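**Q** Provide a 3D model corresponding to the input given below.
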Amino acid sequence: MRRASVLEWSTVIGIFDSGVGGLTVWRHVSDAAPQADLWYLADQANVPYGPRPLDEVRSIVTEVTDRLVMLGASTVVMACHTASAAALEEMRQRHPHLSFVGLEPAIKPATEWTETGRVGVLATSTTLDGPLYARVVERYAGDVEVITRPAPELVTMVETGEIDPGTIEDAVMPLVDTGIDALVLGCTHFGFLADHIAAITGSDVRIIDPAPAVAAQVLRVADLEGSGTRNFETTGDQLTFVTQLERLLH
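**A** This is a model prediction of the structure:
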């Protein structure tokens, strides 16, 4: 991985997640803006964020954000629902000169689409317990019943690449059994399992992946001029990370 100076990366778009889940967002940004300079940081020394207390996640996110700022990022993308729930507003206050893009569970499109009046949210406990999630539900759910289920085990599954259809079914079917017709993927990792999830839910349940909408927001707010450089960094094991990149990004 080539190291770059801060001046060279003054318009870099920094994208981070606790692991490889944020690559679902990275992929859309990279495809739509090949000229942009992207730096992806996987904080795999601390994966998963989901089971950690909000204060601990906030402290971790502060360090990761400071790292991207040191690299000269002008836009920081929290490609992680848990990180966004814990620290998005605080990071905006800490770095008012930067553009931040975070994730919130895609409750709004789900409630606009549902015909049964029941939507499901598959996420992590920290996301579901955070104030950001509560505000989104209060703002958009209205008379729609929102049924949640934490599934941190699916994060581990994507990280390891050891896909277990039975574990996915155990996470998804309790939501399907309640009569939902829309399922929000409340963790970017889950985008890599979307086909497996759809095979379980069937065609009557719409799978809502927030990654395309988040990438579209990045394209609206970020400086996209650059040399098209792609850099990847992990706080964990580098050889494992390379294997993951090859598996997930081909």
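**Q** What are the buried residues along the lowest-mean-pLDDT helix or strand in the chain?
**A** Lowest mean confidence among the helices and strands of the chain (mean pLDDT, DSSP states H and E): helix 125-129, at a mean of 85. By neighbour count, with 16 or more other Cβ atoms under 10 Å as the criterion, the buried positions of helix 125-129 are 126-129. From N, CA and C alone the C-beta is placed, and that goes for glycine too.
**Q** So which residues of the chain form strands?
**A** In the chain, the strands defined using DSSP state E lie at 12-17, 38-42, 73-78, 99-101, 118-123, 145-150, 182-185, 206-208, 230-234.
**Q** Pipe those into a markdown table and attach distance to residue 198, mean pLDDT and mean neighbour count per row.
**A** A markdown table is the format used below for the strands of the chain (distance: least, Cβ to Cβ, whole Å; pLDDT from 0 to 100; neighbours: other Cβ atoms under 10 Å):
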| stretch | distance to residue 198 | mean pLDDT | mean neighbour count |
| --- | --- | --- | --- |
| strand 12-17 | 22 | 97 | 28 |
| strand 38-42 | 26 | 98 | 24 |
| strand 73-78 | 26 | 96 | 26 |
| strand 99-101 | 26 | 97 | 20 |
| strand 118-123 | 12 | 96 | 26 |
| strand 145-150 | 16 | 96 | 18 |
| strand 182-185 | 9 | 98 | 27 |
| strand 206-208 | 5 | 97 | 19 |
| strand 230-234 | 28 | 97 | 18 |
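**Q** want to throw the ones you listed into TSV with distance to residue 219?
**A** Output for the strands of the chain, formatted as TSV (distance: least, Cβ to Cβ, whole Å):
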stretch	distance to residue 219
strand 12-17	10
strand 38-42	12
strand 73-78	10
strand 99-101	10
strand 118-123	25
strand 145-150	29
strand 182-185	21
strand 206-208	20
strand 230-234	16
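**Q** so which of those strands gets nearest residue 53?
**A** strand 145-150 (14.4 Å; Cβ to Cβ).
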